[in-house]
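Peer 1: Quick one, structure for this:
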Amino acid sequence: MAAALARIEIVHADITTLEVDVIVNAANSRLIPGGGVDGAINKAAGPELGKAMMAIGRCPAGEAVITPGFKLKAKHVIHTVAPVYAQHREQDVWRLLANCYRNALALAVAHDAQSIAFPSLGTGVYGIPITRASAVAIDEGAKHAHAARVIFCCFSESDASIYRAELDRRNG
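Peer 2: Model prediction:
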C-alpha cells in the first residue's frame, strides 16, 4: 500500500491546466454543462465537450462515462456524478462516492491512461463533508495507483490541506 500511496499527489491548482491523460469532471446526472468544476472544464474544453456530454444523455450517481478532452491538455474527460449528501442515506452516500472514484479509475485504466486528476467530488454544492470524502478518495485512489498516477486537484488550499492530512495519516 505504501508504494501505491507514493503515486498519489495532492495539488492546489486549476484542474483544466494539468498535463495528465485524464481529468475527471464533477458532472450532474443529466450531463448538462453546469457551474463549478463542470463549468470550468466545459469552458476550457470548448463547446464540443458539452455536445459530447449531451449526446451520452445521462449518468446516474456513482457511475462514470468518458469523452474526448477536446481543447484540454488531457486526452480524455471522465464524467462522474457524486451523490447529493442530503438526498441519500448516510451509507449510500459513501458507497456511491466510492463508486465514482472506482468507476472513473477503471475507465481510465481501460483507456490506457497513465495519469488521472480528480477534483474533490461532491464536496461543493452537493454537500458531502470533505474530511470523510478525502478518505474515500484516497482509499480508492490507492487501489489503482499501481496502474496510474493519481492526482487530487483541490480548488482551494484549505481543501488541499485536508487531503494532504489524510494522505499523511496513512503514510504514518
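Peer 1: okay, which residue is most central for the protein?
Peer 2: Among the residues of the chain, F118 comes closest to the average C-alpha position under Cα atoms, centre = their mean, at 3.2 Å.
Peer 1: Bridge partners for that one, pull those for me.
Peer 2: F152 (DSSP bridges).
Peer 1: Tell me if I'm right that it and A148 touch.
Peer 2: No. F118 is not in contact with A148 according to Cβ atoms under 8 Å; the separation is 11.2 Å. To be clear about C-beta, it is placed using only N, CA and C from the backbone, and glycine gets the same treatment.
Peer 1: count of neighbours near H88?
Peer 2: Taking other Cβ atoms under 10 Å as the criterion, the count of residues near H88 is 16.
Peer 1: ok now do it, which residues does it touch?
Peer 2: With contact taken as Cβ atoms under 8 Å, 6 or more residues apart in numbering, H88 is in contact with 61, 96.
Peer 1: Buried ones in the lengthiest helix in the chain, by neighbour count?
Peer 2: Using DSSP state H to define each element, the chain has its longest helix at helix 90-110. Neighbour-count burial for helix 90-110, with 16 or more other Cβ atoms under 10 Å as criterion, is recorded at 93-94, 96-105, 107-109.
Peer 1: So for those residues, which is the shakiest by pLDDT?
Peer 2: The member of the buried residues of helix 90-110 with the lowest model confidence is V109, at 93 (criterion: pLDDT).
Peer 1: How about that residue, nearest residue that isn't a chain neighbour?
Peer 2: Here the nearest residue to V109 in space, its sequence neighbours aside, is A147; by Cβ to Cβ, 6 or more residues apart in numbering that works out to 5.0 Å.
Peer 1: Do I have it right that that neighbour meets L107?
Peer 2: No. Assessed by Cβ under 8 Å, A147 is found out of contact with L107, at 11.9 Å.
Peer 1: And the residue nearest to the centre of the chain, how far from A142?
Peer 2: F118 sits 13 Å away from A142, going by Cβ to Cβ, to the nearest Å.
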